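Chemist: Show me the folded form of this:
(2 chains, ligands or ions: 2)
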Amino acid sequence: MSLQLSVRDVTKRFKTGEGVTGISLDVTKGELVTLLGPSGCGKTTVLRSIGGFLKPDSGDILIEGRSVVALPPEKRPTSMVFQSYNLWPHMTVYENLAFGLKIRKLPKAQIREAVADALRLVQLPNSEKKLPGQLSGGQQQRVALARSLLLKPAVLLLDEPFSALDAKLRQEMREELREIQTQTGLTMVFVTHDQEEALALSDRIVVMNHGHIEQAAAPRHIYDRPSTLFVARFIGKMNFLEGVVEGSGIRVGPFVLPNEDRIEGETLVGVRPEDVILKAAEAGEGMKGLIKQIMVLGHYAEISVELEGGGTVRSFQPKDAVRELTAGQQVAVAFTKSIAYPKIGDN
Amino acid sequence: MGWYFRAVGTRRIVEFLLLTAFVAFFAGPLLNLAVLAFSGQWSYPDLLPHQWSLKWWSFVLSKDDIAKSIGLSFLIAAIVTALSIVICIPAAYAFARIRFPLKRFFLFSFLLTHAFPKMGLYVSIAVLFYRLGLMNTLLGVVLIHMINVLMFMTWIPTAAFRNVHAAQEESARDVGATPFRVFRSITLPMAMPGILVASVFTFLNSLDEAQGTFLVGIPDYKTMPIVMYSIISDFPSSAGAVFSIILTAPTILLLLAAQRLVSADVMASGFQVK
Ligand SMILES: Nc1ncnc2c1ncn2[C@@H]1O[C@H](COP(=O)(O)OP(=O)(O)OP(=O)(O)O)[C@@H](O)[C@H]1O
Ligand SMILES: [Mg+2]
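Modeler: Numbers count the residues shown, from 1 in each chain, chains lettered A, B, ... in the order given. Ligands and ions are numbered 1, 2, ... in the order given. Next up, the predicted model:
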């Protein structure tokens, strides 16, 4: 796979002192990479630097092997879909889409065909004559997407394009985008602060925090092996238990868990709720606790257990498995999988 | 009778009376003016003229200095409008987009020209113009007119430009437009309603301006309002009526055109200091 986009050690600091530091990222052709992180962590800053709307203080950005940092946005082979206000209200949908092609001096017949194709791709055929004001929010974002698609950019940049839409529509748009991506084979960088969206959509997720990259890996890997405590907290749900290093393992209650990363000192052990097993209290070993609450959430149930030694553990169980359980019942808790992190002062 | 008023409600009655008064105050004089302009003979107690005639129209239009003043007024108004567009639109764009210190002070300073009695301002300007040799020149008259319009010619377009979002300009850059092309194809058309309203105001204001023109332009630059004064004092009122219709017609036409083009909130947002 050839390298399509390469961000090399990019730093951008605003006058306020905020910004991003030492961002490096390689995206191969046809890959969909999401930048994920809490608000203000610098996702937009990275994306706008790639698009040419911000000039990095240092570092280099290469697209198809060519450095683009010196180019203005109109000269870059990128195209960006913004969160809102993408369209020009005084132009029809056709004129909005045709604008970029007219600048490229394409013949009229060809423009008309490209516009119709792009609108079909985003499932808005025959809407050429409408004005943006006559479209719903979701339709406007589709038109904006179509406008970027028909320019066949080397890298398509999307900055939370669906965040203003309601949950159901967002889900639909997400699936559509995925389908468009497989159809067109476009390379995309997608910004979101919604971890569910990132997990559903991406080939690779780049988790950012405070202006730097915490981890970049495939969704599965990020979920199963979050490399830092921040990522573990940010992606999915996770129980955290205090652990003490003991010999070659880490002791948590009655268990000694493996210490793969050779952590020293105090540790926090993370366990996904689906890796928590509940057994009858008499069944013997495990951490003893009382069931505090049972919530059935569709096809599974979330069970909170208050441990005897303090703290609460949440467990996901198939909804049929919770029939015999009641609140207030004593249970023993065990884990099938866990991951340990050094306990840092501010965590 | 009493039951009828009670049924209608006092509120409706008050509204009706206000509306009647309004029509009487505004439409009445205009109607009277129109009738007067087409009258040949009209003596006091009669409701309508004895004789209809176009003679005052031909009189007014045949007088040389009157026809000349109409041409001059429109020429000056056109120059003033064009010049203030050239000066104020870039300024308005800067106010809307670029952050710089003293921005509010600059915007506010345009208000100052309207804070003093006009005549005082004009006299001090006239003193300055006298030294610069601008008295009785076209440039002098144009400058005096522009002082009046700088404020709304900057404020209204500033608001219009501010309504064009950064993302809309950036999208255009993104699809390949140069900054100049973005301004021409995206920013300017989107701000056009506001700019048009301001231009119409400017044009009308210039057509209407008398005090400053009188001070700076006499004796060679007699515009319509100035000639109007002498017609009113020298000829029967019918001539004045004809002339004031000529003076009012462009105002009404332009305002109607402007109203079609722009919503009231564009105009209203022009007067916010941000
Ligand atoms: N033009 C600017 N001038 C000064 N500071 C800025 C500017 N743009 C962004 N910042 C700051 O840089 C940091 C990163 O901003 P950025 O917009 O990249 O965050 P983000 O991850 O996209 O957040 P969100 O999810 O809220 O969009 C923020 O703390 C922000 O306040
Ligand atoms: Mg952002």
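Chemist: Against which helices or strands is the helix or strand encompassing A:Arg174 packed?
Modeler: Take DSSP states H and E as the rule and A:Arg174 turns out to sit in helix A:167-184. Counting contacts by 3 or more C-beta pairs under 8 Å, 6 or more residues apart in numbering or on different chains; DSSP states H and E, helix A:167-184 packs against helix A:108-121, helix A:137-149, strand A:188-192, helix A:195-201. No exception for glycine: its C-beta is placed from N, CA and C like everyone else's.
Chemist: Mind checking these for the one nearest to chain B?
Modeler: Evaluated with C-beta to the nearest C-beta, the helices and strands packed on helix A:167-184 place helix A:137-149 nearest to chain B, the distance being 6.7 Å.
Chemist: So which of the helices and strands packed on helix A:167-184 has the densest surroundings on average?
Modeler: Between these, the one whose residues have the most neighbours on average, counting mean count of other C-beta atoms under 10 Å in any protein chain shown, is strand A:188-192 (a mean of 26).
Chemist: Quick one: residues in contact with it.
Modeler: For strand A:188-192, the external contacting residues (C-beta atoms under 8 Å, 6 or more residues apart in numbering or on different chains) are A:5, A:27, A:31-36, A:43-44, A:46-47, A:50, A:155-160, A:163, A:177, A:181, A:198, A:201-202.
Chemist: Is there a neighbour count for whichever residue of the stretch 151-274 of chain B sits closest to chain A? I'd like the number.
Modeler: When C-beta to the nearest C-beta is the measure, the stretch 151-274 of chain B has its nearest residue to chain A at B:Val175, with 3.2 Å between them. B:Val175: 25 surrounding residues under other C-beta atoms under 10 Å in any protein chain shown.
Chemist: circling back to that earlier point, turn the helices and strands packed on helix A:167-184 into TSV, columns for mean pLDDT and distance to ligand 1.
Modeler: Putting those into TSV (pLDDT from 0 to 100; distance: least, C-beta to the nearest ligand atom, whole Å) gives the following:
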stretch	mean pLDDT	distance to ligand 1
helix A:108-121	94	27
helix A:137-149	93	16
strand A:188-192	95	6
helix A:195-201	90	12
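Chemist: Could you pick out the buried ones from the contacts of strand A:188-192?
Modeler: A residue is treated as buried here by neighbour count (16 or more other C-beta atoms under 10 Å in any protein chain shown); on that basis the buried members of the contacts of strand A:188-192 are A:5, A:27, A:31-36, A:43-44, A:46-47, A:50, A:155-160, A:177, A:181, A:198, A:201-202.
Chemist: what about A:Val269, which helix or strand?
Modeler: In this structure, A:Val269 is located in strand A:266-271 according to DSSP H and E.
Chemist: So which elements touch that strand?
Modeler: Using 3+ C-beta pairs under 8 Å, 6+ apart as the contact criterion, the secondary-structure elements in contact with strand A:266-271 are helix A:229-234, strand A:239-246, strand A:249-252, strand A:339-342.
Chemist: now the helices for chain B?
Modeler: Per DSSP state H, chain B carries helices over the ranges B:2-8, B:10-37, B:55-62, B:64-97, B:103-112, B:118-132, B:138-162, B:166-174, B:179-182, B:188-208, B:211-217, B:224-234, B:237-261, B:264-269.
Chemist: quick one, which of the helices and strands packed on strand A:266-271 is nearest to B:Met224?
Modeler: When the helices and strands packed on strand A:266-271 are ranked by proximity to B:Met224, the top entry is helix A:229-234, at 72.6 Å, counting by C-beta to C-beta.
Chemist: can you list the residues of the stretch 1-150 of chain A near ligand 1?
Modeler: The interface of the stretch 1-150 of chain A toward ligand 1, taken as C-beta under 6 Å from any ligand atom, is made up of A:Phe14, A:Thr16, A:Glu18, A:Gly19, A:Gly37, A:Ser39, A:Gly40, A:Cys41, A:Gly42, A:Lys43, A:Thr44, A:Thr45.
Chemist: Inside strands: which ones of those?
Modeler: Secondary structure defined by DSSP state E assigns A:Gly19 of these to strands.
Chemist: Return a PyMOL selection command for the buried portion of the residues of the stretch 1-150 of chain A next to ligand 1.
Modeler: Typed into PyMOL, the line below selects the buried ones among these, using 16+ other C-beta under 10 Å:
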select buried, chain A and resi 19+37+41+42+43+44+45
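Chemist: Reformat the residues of the stretch 1-150 of chain A next to ligand 1 into a markdown table and put pLDDT next to each item.
Modeler: Rendered in a markdown table, the data for those read as follows (pLDDT from 0 to 100):
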| residue | pLDDT |
| --- | --- |
| A:Phe14 | 94 |
| A:Thr16 | 92 |
| A:Glu18 | 92 |
| A:Gly19 | 93 |
| A:Gly37 | 94 |
| A:Ser39 | 92 |
| A:Gly40 | 92 |
| A:Cys41 | 93 |
| A:Gly42 | 94 |
| A:Lys43 | 95 |
| A:Thr44 | 95 |
| A:Thr45 | 95 |
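Chemist: which of the residues of the stretch 1-150 of chain A next to ligand 1 lies closest to B:Leu54?
Modeler: When these are compared for distance to B:Leu54 (C-beta to C-beta), A:Thr44 comes out closest, at 70.0 Å.
Chemist: show me what contacts that closest one?
Modeler: Here A:Thr44 is in contact with A:Asp159, A:Val191 (criterion: C-beta under 8 Å, 6+ apart).
Chemist: same check, this time on A:Phe162
Modeler: By C-beta under 8 Å, 6+ apart, the contact set of A:Phe162 is A:Gln141, A:Leu169, A:Arg170, A:Met173, A:Arg174, A:Glu197.
Chemist: interface residues of the stretch 151-300 of chain A facing chain B?
Modeler: Taking C-beta under 8 Å from any C-beta of the partner chain, the part of the stretch 151-300 of chain A that reaches chain B is made up of A:Leu151.
Chemist: now the stretch 151-300 of chain A, which segments are flagged as low pLDDT?
Modeler: Across the stretch 151-300 of chain A, the stretches falling below the confidence threshold (pLDDT under 70) are A:283-284.
Chemist: any idea how far the residue in it that chain B sits nearest to lies from A:Leu97?
Modeler: For the stretch 151-300 of chain A, the residue closest to chain B is A:Leu151, as judged by C-beta to the nearest C-beta, at 6.3 Å. As judged by C-beta to C-beta, to the nearest Å, A:Leu151 and A:Leu97 stand 10 Å apart.
Chemist: A:Ser39 too?
Modeler: Relative to A:Leu97, A:Ser39 is positioned 32 Å away (C-beta to C-beta).
Chemist: swap in B:His165?
Modeler: For B:His165, the distance to A:Leu97 equals 19 Å [C-beta to C-beta].
Chemist: Between these two, point out the one with more neighbours.
Modeler: Per other C-beta under 10 Å, whichever of B:His165 and A:Leu97 has more neighbours is A:Leu97, with 28 against 14.
Chemist: Which member of the residues of the stretch 1-150 of chain A next to ligand 1 is positioned nearest A:Ala109?
Modeler: When those are compared for distance to A:Ala109 (C-beta to C-beta), A:Thr44 comes out closest, at 38.1 Å.
Chemist: For A:Ile222, which non-adjacent residue is closest in space?
Modeler: Of all residues not flanking A:Ile222 in the chain, A:Ile205 sits nearest, at 5.1 Å (C-beta to C-beta, 6 or more residues apart in numbering or on different chains).
Chemist: Run through the bridge partners of the one you found.
Modeler: For A:Ile205, the beta-bridge partners are A:Thr34, A:Ala217 (DSSP bridges).
Chemist: That one: neighbour count?
Modeler: The number of residues packed near A:Ile205 is 28, by other C-beta under 10 Å.
Chemist: Double-check it against A:Ala217; I have them as touching.
Modeler: Yes. Using C-beta atoms under 8 Å as the test, A:Ile205 is close enough to A:Ala217 to be in contact (6.8 Å).
Chemist: Spatially central residue in chain A, please.
Modeler: For chain A, the residue sitting closest to the mean C-alpha position, by C-alpha atoms, centre = their mean, is A:Ala198 at 2.8 Å.
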